[in-house]
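**Student:** Attaching a predicted model along with its sequence, questions to come.
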Amino acid sequence: MIHRFLATGNSFASLHFEFLLGTSNISRIVCHTCHVIWSRLRETVMPQPKADDWLRIAKGFNVSAQFPNCIGALDGKHIRVKKPPHSGSRFFNYKQYFSVVLMVVADSNYRFIMVDIGAYASTADARIFSASRMGDRLRANQLSLPESRRLPGYAGPPAPFVFVEDQRFGCQEAYFQLPVDTCPSVC
């Protein structure tokens, strides 16, 4: 049953008729199974990057985009959903449909490095990131980011490693630890 739900996206009501189980039982089975899959496979499929991983990612951005010291592209993607019961407008987004937000940091090969799933669609990307585990770990300096390095061909002070993101995030000095006057050139 879980494979049918994950592969097809069939509703719990259609699975109820197919497997002769109540929709509340199907809901519990699907939620529990997905939680177990994620908790068991998370470290294998999406391990916490270490300093060497960040350096490899930065090298990829430097080669493919000529953007040194970039350790990831950060963005949110709205995943369309049916309006959850009793949710009001929390899942209604600026694009005029109901969704949850998938917040992602990706490397230069478009592979997910870190994810946060399920934020309310009515919330801004910057706020979602700030409230996520990724944002918490970044602020607490728990991401094993490499030490600042000089940019290629630049004799000035070492520059920190940064994430590239769009204007919806705004420059956040707390995340990037940059002087305010350098912020616009990085965002």
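**Tutor:** Happy to help now that I have it. Numbers count the residues shown, from 1 in each chain.

**Student:** hey, which helix or strand in this structure has the poorest pLDDT?
**Tutor:** helix 183-186 (a mean of 36; mean pLDDT, DSSP states H and E).

**Student:** Where is the longest helix in the chain?
**Tutor:** Taking DSSP state H as the criterion, the chain has its longest helix at helix 23-45.

**Student:** which SS state does the residue positioned nearest the centre of the chain fall under?
**Tutor:** With distances taken as CA atoms, centre = their mean, residue 104 lies nearest the centre of the chain, 2.2 Å away. Using DSSP: H, G, I helix; E, B strand; the rest coil, the secondary structure recorded for residue 104 is strand.

**Student:** The residue lying farthest from the centre of the chain and residue 26, how far apart?
**Tutor:** Most distant from the centre of the chain: residue 20, at 36.5 Å, with distances by CA atoms, centre = their mean. Distance of residue 20 to residue 26, computed by CB to CB, to the nearest Å: 10 Å. For the C-beta atoms, the positions are set from N, CA and C on the backbone; glycine is no exception.

**Student:** Tell me how many other residues surround residue 123.
**Tutor:** When neighbours are counted by other CB atoms under 10 Å, residue 123 registers 16.

**Student:** What of residue 34?
**Tutor:** If you count neighbours by other CB under 10 Å, residue 34 ends up with 13.

**Student:** Could you do residue 147 as well?
**Tutor:** Counted by other CB under 10 Å, the residues lying close to residue 147 total 8.

**Student:** still on that earlier bit, what is the next helix or strand after the longest helix of the chain packed up against?
**Tutor:** Next in sequence after helix 23-45, counting helices and strands by DSSP states H and E, comes helix 51-65. In terms of contacts (3 or more CB pairs under 8 Å, 6 or more residues apart in numbering; DSSP states H and E), helix 51-65 is packed against strand 70-80.

**Student:** give me that answer again for 10 Å
**Tutor:** Secondary-structure packing of helix 51-65 (3 or more CB pairs under 10 Å, 6 or more residues apart in numbering; DSSP states H and E): strand 70-80, strand 112-120, strand 162-165.

**Student:** elements contacting the second one?
**Tutor:** This points to strand 112-120. helix 23-45, helix 51-65, strand 70-80, strand 99-106, helix 125-131, helix 133-139.

**Student:** Kindly provide the whole-number mean pLDDT of the first one.
**Tutor:** Per-region confidence: helix 23-45 scores 88 on mean pLDDT.

**Student:** ok, now stretch 85-92?
**Tutor:** 86.

**Student:** Can I get that stretch in PDB? Just the C-alpha atoms.
**Tutor:** Only the C-alpha atoms of stretch 85-92 are listed here, as PDB (Å, rounded to 0.1, in the frame of the first residue of the first chain):
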ATOM      1  CA  PRO A  85      -8.600  20.700   6.600                       C
ATOM      2  CA  HIS A  86      -9.000  23.600   9.100                       C
ATOM      3  CA  SER A  87      -5.700  25.300   7.900                       C
ATOM      4  CA  GLY A  88      -7.200  28.600   6.900                       C
ATOM      5  CA  SER A  89      -4.900  30.500   4.600                       C
ATOM      6  CA  ARG A  90      -1.600  29.200   6.000                       C
ATOM      7  CA  PHE A  91      -0.900  27.000   3.000                       C
ATOM      8  CA  PHE A  92      -2.200  29.500   0.400                       C
END
